[in-house]
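# with the sequence up front, the predicted model follows.
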Amino acid sequence: MPESDEQLIERVKASDNEAFRLLFEKYQPILFRNALHSLRDADAAHDIVQETFVRVWQKRSSLKPNLSFLAYIFRISRNLVLDSVKHRNVRIKFEGEVSQTSSAGDDPEASTELNMLEEKLAEAARQLPAKCREVFLLSRMEGLSNAEIGKQLGVSVKTVENQITRALKVLRRHLRKYRTTE
């Protein structure tokens, strides 16, 4: 007779990998379908499921066997989906703003130059590590303060500052290369 969720959770609390695997196998399909329905992206849905279970494992000592495990993981998954959608919207906004052509007057040469510079900036931003790019976009495109970014991402203000500094160094280096090739 299979063990109940309550029994499996008790074992997970004791760091039992086999019990964790059984819970994962039981609930992974439903979490995946739910995330896929919201995101319409299989890779992102798989990432959400993985991150959900990573968080369960990290917080295993605080699991409450008498509460619904499914409700618990759905809440974690839902929050991750909402974060993913929010971050995707920031990326879309950044890409849209960078790809928009600013008015360069009637000077076709200036307009072409501006378009090339915007393309190089977007290319440089895509080369940033994911967290670094996310912090940079929230700072420069969304206009959030370092404290707001830190709170939103769950990191310290110092980490935000370090990521922005890192992003600016990479962008300057990349754009300096572009300027010297002309």
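Looks like it came in fine. Quick caveat, the model's predicted, so the values are computed rather than measured.

# and stretch 51-65, what's buried?
51, 52, 53, 56, 60, 63 (16 or more other C-beta atoms under 10 Å). Placement of C-beta: from N, CA and C, glycine included.

# packing partners of the host helix or strand of the fourth one?
Okay, so that is residue 56. Taking DSSP states H and E as the definition, residue 56 sits inside helix 42-58. Contacts defined by 3 or more C-beta pairs under 8 Å, 6 or more residues apart in numbering; DSSP states H and E place helix 42-58 against helix 17-39, helix 69-99.

# by how many degrees do the helix or strand of the chain with the lowest mean pLDDT and helix 69-99 diverge?
Lowest on mean pLDDT, DSSP states H and E among the helices and strands of the chain sits helix 108-126, with a mean of 73. Angle, helix 108-126 to helix 69-99, by axes from the mean of the first three to the mean of the last three C-alpha atoms, to 10 degrees: 160 degrees.

# can I get helix 108-126 in PDB, CA atoms only?
The C-alpha coordinates for helix 108-126 follow below in PDB (Å, rounded to 0.1, in the frame of the first residue of the first chain):
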ATOM      1  CA  PRO A 108      19.200  59.500 -42.600                       C
ATOM      2  CA  GLU A 109      22.900  59.000 -41.600                       C
ATOM      3  CA  ALA A 110      22.100  59.900 -38.000                       C
ATOM      4  CA  SER A 111      19.100  57.700 -38.000                       C
ATOM      5  CA  THR A 112      21.100  54.800 -39.300                       C
ATOM      6  CA  GLU A 113      23.800  55.400 -36.700                       C
ATOM      7  CA  LEU A 114      21.200  55.500 -34.000                       C
ATOM      8  CA  ASN A 115      19.700  52.200 -35.200                       C
ATOM      9  CA  MET A 116      23.100  50.500 -35.200                       C
ATOM     10  CA  LEU A 117      23.900  51.800 -31.700                       C
ATOM     11  CA  GLU A 118      20.500  50.500 -30.400                       C
ATOM     12  CA  GLU A 119      21.200  47.100 -32.000                       C
ATOM     13  CA  LYS A 120      24.600  47.000 -30.400                       C
ATOM     14  CA  LEU A 121      23.200  48.000 -27.000                       C
ATOM     15  CA  ALA A 122      20.500  45.300 -27.200                       C
ATOM     16  CA  GLU A 123      23.200  42.800 -28.200                       C
ATOM     17  CA  ALA A 124      25.400  43.800 -25.300                       C
ATOM     18  CA  ALA A 125      22.500  43.600 -22.900                       C
ATOM     19  CA  ARG A 126      21.600  40.000 -24.100                       C
END
